[in-house]
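Chemist: I need the structure of the sequence given here:
(2 chains)
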Amino acid sequence: MRHRTPIALLLAFLVAAPAARVSAQQPPDRSAPPPAGPAPALALPAIQKRQLSNGLPVWIVELHEVPVAQVNLVTLSGSAEDPAGKFGLASLTSAMLMEGAGSRSSLEIADAIDYLGADLSTASTSDMSVVRLHVPVARLADALPIMADVALRPTFPAEELERQRQQRLTSLLQARDDPGTIAALAFSRVLYGASHRYGTAQMGTAATLNGFTVDDLKTFYASEYRPANTVLIVVGDTTPEKAMPLLESGFGGWKAPAAAPAPDVALPEAPEPARRHVYLVDKPGAAQSQIRIGWIGAPRSTPDYFPLQVMNTILGGAFSSRLNMNLREEHGYTYGASSQFDMRASAGPFAAGAGVQTDKTTESLQEFFKELNGILAPVPADELARAKNYVALRFPSSFETTGDISRRLEELDVYGLPENYFASYVQNIQAVSAADVQRVARRYIQPGRFAVVVVGDLKTIEAGVRSLGLGEVTVLTLDQVMGPPPAN
Amino acid sequence: MTHPQRAIASAAVAAALAVAAVLPLSAATRPPKLAYEISRLPNGLTVILLEDHSTPIVHLQLYYHVGSKNERPGRTGFAHLFEHLMFKGSQNVDPEAHTSFISSVGGQSNAFTTDDETVFWETVPAQYLPLVLWLEADRMATLRIDAETFATEREVVKEERRMRVDNQPFGRLNEIIYDQTFTTHPYKHQTIGSMADLDAASVDDVRDFYRTFYVPSNATLTLVGDFDRAEATRLIERYLGRVPKADRAVPRDIPAEPPQAREKRATLYEAWPLPAVVVAYHITHDGDPDSYPLHIASKVLSDGQSSRIYRALVYEDRLAVAAYGEANLIEDPNLFYAVAVVAPGRKPEAVAEALIAEFDRLRAAPISARELQRAKNQFARDYILSRESIQQKALHLSHAAVIHDDITTADGEFDIFQNMTADQVQRVARTYFRPENRTVLTILPSAGAAASQGRQ
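Modeler: Prediction:
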């Protein structure tokens, strides 16, 4: 089976081999890429806006391709609302909604939902908490009352709190062995500090988890989960006429408790670092070094949103971006290098990162900084055009499924984006100029002031990293990054 | 490569807590059938077309019937390494130009390798269908094979292994399970392969593999999306139809795994934060009549918080922080295995016995009517929800056509599942969940935490 045919001969053989009839008449011509056909139009989903009798807004998008429905109840409170000293409360509250509601216990909720062949889940981010139901449309009427119980009548049983607490403490324990998680947490911590909400994991720390009580959950829920703070999103094989009566009976009677909600407090602005600083975390015997480089980026509301999308696509936001082409394709140091702006209500981090070969850690850092500095120079016209096409032309594919569309609507709601946001998206991307890209690169990419986090086998990599002279070097312990470990 | 590492997430369970108020549901609603068309070109390429005009995009999937089970000894990981090389240029396409062509038109493209198949795909705005057909034809017919590119890409794949396997807690779990349970069939090794074998691969291997497996008769092209069938057929004939026919048959000489005669037990050590236990049984292959009741058993044991394993081990007895079980039904006979991550302070032996007890329960008594109906409803949910995107539809179609060698199963399995009985589930449990067919593994944290993973 082994052949030593030189490649040229092999190719000649393949081309000359007796071929199908079509080929015999017409030799293959693939010398140039074929032209594109005419572009079809994207029919953007129409959002039909309604309201329940209690004022709860309902957004409905019809999608009749597959007999399913997605229903998301989106509340505009997330971990950014966690009180000081209680980081992790929003995330825990959201998870606990499923652990007892109405007359059902945790297992009864799971059984009822599984029996219907539905998916019911909860999630939270910095800026929202959401209950999501994905269900064959024939089961929508049966599943909605269970969803309404979970969202509106959670019971927060004490024994389920203990169970969640133990699960989360175990996750934290396991995270201490995961270099990628350690790198992400260390990066947030050095940029935002221990007191800013963005400086600690969504889940909180072992110390905060150990402190939570059922009263904490009830207080947070009462203060943050309110109709005035919430939108109901429905996408799928239904119509307002069919859906509204079901939604009204499930959610129309929801009233906010008498007590006033917690005041909306904006997170404090975290100061940008003044100079570059290197942070090392030791992971003896690690098979790779995990690198994160960057600083505090931009909030979702930034007027620079579109130029940032294009600039980051060129730098590290796509497979063919500069960082990946350099570190993966040219050098083979990594399986993938990338960069992203994590945009939230307040300015989230900008990070470039990769897991790289331990013995190429120093070289990888050099290549990262080569590209981070390189993006400050004017971007060639063809590269700019490719990046804009990448962002603009893939836009339709983010509207494919009921889940996709519901996520786009969540974004619209949570970040208060304008009504014409989707309709003008492509045009806004195409309007980005080379000068815009350079302007935002110079403002948001300042490699001389970046935090550099490397998690890896320090006895192998530390001397090399120090020899680069990137800046002051601090070695962090795991406890400094994540707090003391759970007592087990 | 996909071959998804089973996430050690908390799965869950709660079986028979039947809520009296929930009325029994009638049979699940049958979703619409897929209106596909299947044909074969003179060069042997199978073509599956499914028009779907809901979004102005088109998904192309080129499914080569070759995976890591086709690798020869000493070359583990090669099928996946080869997948990477398919992005390294062909006669008319520069190295990595494939990806930049696709991304510059707003498309997405990638590939994955499993034990059984290597799948290349692109999703692009509908007007770029000719471009993706051209790209796939060029690399099927005239791949560039270059020693230097090969050496760099091998480093990328080794980094992929380090990232997914070596640098992750529990990353080596599947590797351990399959190495311990298989003796002969190449399912014994993981798709990612070993570092030593990756290092041993040569450019000659690349040429041989390409000529043997990357031929039209070993490939299935599936298009789903916003196109016109007649126009697409014309384009497919123009590009892929002109790739020459292979000069020899694709070898299918994969050694079978002999039946296991007695129970295996082993204790191993890994730098993981918590102990894990595994209970595994050899089972049949995907598409075999026994595979359907096994799938139901898999749902009863481990789909959702109402399933038996979650409920018994995680929820009630708190023996495990995470536990799941599943039938890995693929092309050749594989495993039904359950994994539990032992809770701090609990004994691995007790956890292993608790897992075994769940398998024994399935042999001892039929599942309840409610459990059966719930599993069927969950199957209907998976069935409908996994046919929402054009990529998912394409995967179902190509999987049915290639692995089942019968495309009608893409739609037909719905009815098979809805007709299952509790007796059938008990019968397959008795057939496969026998002690002599079992492997029990205990994997304990090695001293010195994550250090010294000298497993190259």
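
Chemist: quick one: low-confidence parts of chain A?
Modeler: A:1-28, A:488 (pLDDT under 70).

Chemist: could you break it into its assigned domains?
Modeler: A:44-251, A:277-482 (automatic domain parsing).

Chemist: got the buried residues for stretch A:187-197?
Modeler: A:187, A:188, A:189, A:190, A:191, A:192, A:196, A:197 (16 or more other Cβ atoms under 10 Å in any protein chain shown). No exception for glycine: its C-beta is placed from N, CA and C like everyone else's.

Chemist: what ranges do the strands span in the stretch 1-150 of chain B?
Modeler: Per DSSP state E, counting those that start in this stretch, the stretch 1-150 of chain B carries strands over the ranges B:37-40, B:46-51, B:57-64, B:108-113, B:118-125.

Chemist: that older thread, so which of the domains of chain A comes closest to chain B?
Modeler: Nearest to chain B, of all the domains of chain A, is domain A:277-482, at 2.1 Å by Cβ to the nearest Cβ.

Chemist: neighbours of the residue of chain B found nearest chain A, how many?
Modeler: When you check chain B against chain A by Cβ to the nearest Cβ, the closest residue turns out to be residue B:106, at 2.1 Å. Other residues near residue B:106 come to 23 when the count uses other Cβ atoms under 10 Å in any protein chain shown.

Chemist: what's the answer for residue A:459, then?
Modeler: 10.

Chemist: for residue A:34, same thing?
Modeler: 18.

Chemist: got the contact list for the residue lying closest to it once chain neighbours are set aside?
Modeler: The shortest distance from residue A:34 to any non-neighbouring residue, by Cβ to Cβ, 6 or more residues apart in numbering or on different chains, is to residue B:130 (3.8 Å). Contact partners of residue B:130, counting by Cβ atoms under 8 Å, 6 or more residues apart in numbering or on different chains, are A:34, A:35, A:36, A:37, B:235, B:239.

Chemist: ok, now residue A:51?
Modeler: A:57, A:58.

Chemist: list phi and psi for it.
Modeler: phi -150, psi 140 (degrees, to the nearest 10).

Chemist: count of neighbours near residue B:302?
Modeler: Based on other Cβ under 10 Å, the number of other residues close to residue B:302 is 22.

Chemist: I'd say it and residue B:325 touch.
Modeler: Yes: contact criterion Cβ atoms under 8 Å: residue B:302 and residue B:325 qualify, at 4.4 Å.

Chemist: would TSV of the strands of the stretch 1-150 of chain B with distance to residue A:141, mean neighbour count and mean pLDDT be doable?
Modeler: Formatted as TSV, these follow (distance: least, Cβ to Cβ, whole Å; neighbours: other Cβ atoms under 10 Å in any protein chain shown; pLDDT from 0 to 100):
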stretch	distance to residue A:141	mean neighbour count	mean pLDDT
strand B:37-40	36	13	97
strand B:46-51	31	21	98
strand B:57-64	32	27	97
strand B:108-113	36	20	94
strand B:118-125	34	25	96
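
Chemist: which one of those strands lies nearest to residue A:126?
Modeler: Shortest distance between residue A:126 and the strands of the stretch 1-150 of chain B, using Cβ to Cβ, is found for strand B:108-113: 27.0 Å.

Chemist: which residues of chain B score low on pLDDT?
Modeler: Using pLDDT under 70, chain B drops low at B:1-29, B:447-456.

Chemist: domains of it?
Modeler: Here the domain parsing of chain B from automatic domain parsing is B:37-242, B:264-455.

Chemist: those: which one's closest to residue A:125?
Modeler: Set against residue A:125 and scored by Cβ to Cβ, those come closest in domain B:264-455, at 22.9 Å.

Chemist: quick one, what contacts residue 254?
Modeler: Since you didn't name a chain, this refers to chain A. A:54, A:56, A:152, A:227.

Chemist: sorry, I should have been clearer: chain B.
Modeler: Here residue B:254 is in contact with B:69, B:70, B:185, B:186, B:332 (Cβ under 8 Å, 6+ apart).

Chemist: does it sit in a helix, a strand or a coil?
Modeler: When classified by DSSP: H, G, I helix; E, B strand; the rest coil, residue B:254 comes out as coil.

Chemist: gap between it and residue B:188?
Modeler: Applying Cβ to Cβ, to the nearest Å, the value for residue B:254 to residue B:188 is 12 Å.

Chemist: show me which residues of the stretch 351-488 of chain A are close to chain B?
Modeler: A:355-357, A:385-386, A:389-397, A:399-403, A:488 (Cβ under 8 Å from any Cβ of the partner chain).

Chemist: in strands only, show me those residues.
Modeler: A:355, A:356, A:357 (DSSP state E).

Chemist: buried among the residues of the stretch 351-488 of chain A next to chain B? Need that as a selection in PyMOL.
Modeler: Of these, the buried ones can be selected in PyMOL as follows, counting by 16+ other Cβ under 10 Å:
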select buried, chain A and resi 355+356+357+386+389+390+391+392+393+394+395+396+397+399+400+401+402+403
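
Chemist: circling back: got CSV for the strands of the stretch 1-150 of chain B, with distance to residue A:440 too?
Modeler: Output for the strands of the stretch 1-150 of chain B, formatted as CSV (distance: least, Cβ to Cβ, whole Å):
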stretch, distance to residue A:440
strand B:37-40, 48
strand B:46-51, 41
strand B:57-64, 29
strand B:108-113, 25
strand B:118-125, 26
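
Chemist: just send these back as TSV, with distance to chain A too.
Modeler: As requested, the strands of the stretch 1-150 of chain B are exported to TSV (distance: least, Cβ to the nearest Cβ, whole Å):
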stretch	distance to chain A
strand B:37-40	11
strand B:46-51	12
strand B:57-64	5
strand B:108-113	7
strand B:118-125	5
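
Chemist: so which of those gets nearest residue B:161?
Modeler: strand B:108-113 (12.7 Å).

Chemist: how far off centre is the closest one?
Modeler: Distance, stretch centre to chain centre, for strand B:108-113: 14 Å (Cα atoms, centre = their mean, to the nearest Å).

Chemist: same check on stretch A:281-300?
Modeler: The answer for stretch A:281-300 is 17 Å, by Cα atoms, centre = their mean.

Chemist: for residue A:480, what are phi and psi?
Modeler: Per degrees, to the nearest 10, the backbone of residue A:480 is at phi -70, psi -30.

Chemist: buried subset of the contacts of residue B:130 as a ChimeraX selection?
Modeler: Buried residues among the contacts of residue B:130 (16+ other Cβ under 10 Å), as a ChimeraX selection:
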select /A:34,37 /B:235,239
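
Chemist: what's the burial count for residue 310?
Modeler: By default, I'm working from chain A. Residue A:310: 26 neighbours (other Cβ under 10 Å).

Chemist: meant chain B, my bad for not saying
Modeler: 28.

Chemist: how close does it sit to residue A:142?
Modeler: 23 Å.

Chemist: now do the strands in chain A.
Modeler: A:48-51, A:57-62, A:68-75, A:100-101, A:104-105, A:119-124, A:129-136, A:230-236, A:277-282, A:288-296, A:334-341, A:349-357, A:451-456, A:472-476.

Chemist: ok, residue 413 - contacts?
Modeler: If you meant another chain, say so; for now it's chain A. Counted by Cβ under 8 Å, 6+ apart, residue A:413 has contacts A:59, A:74, A:76, A:231, A:233.

Chemist: actually it's chain B I care about, not the one you picked
Modeler: B:292, B:383.

Chemist: surely it is within a helix?
Modeler: Yes: secondary structure of residue B:413 (three-state DSSP): part of a helix.

Chemist: in contact with the most centrally placed residue in chain A, which residues?
Modeler: In chain A, the centroid-proximal residue (Cα atoms, centre = their mean) is residue A:342; its distance is 7.4 Å. By Cβ under 8 Å, 6+ apart, the contact set of residue A:342 is A:297, A:348, A:349, A:350, A:351.

Chemist: export those residues to TSV and append columns for neighbour count.
Modeler: Below are those laid out as TSV (neighbours: other Cβ atoms under 10 Å in any protein chain shown):
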residue	neighbour count
A:297	22
A:348	21
A:349	22
A:350	23
A:351	25
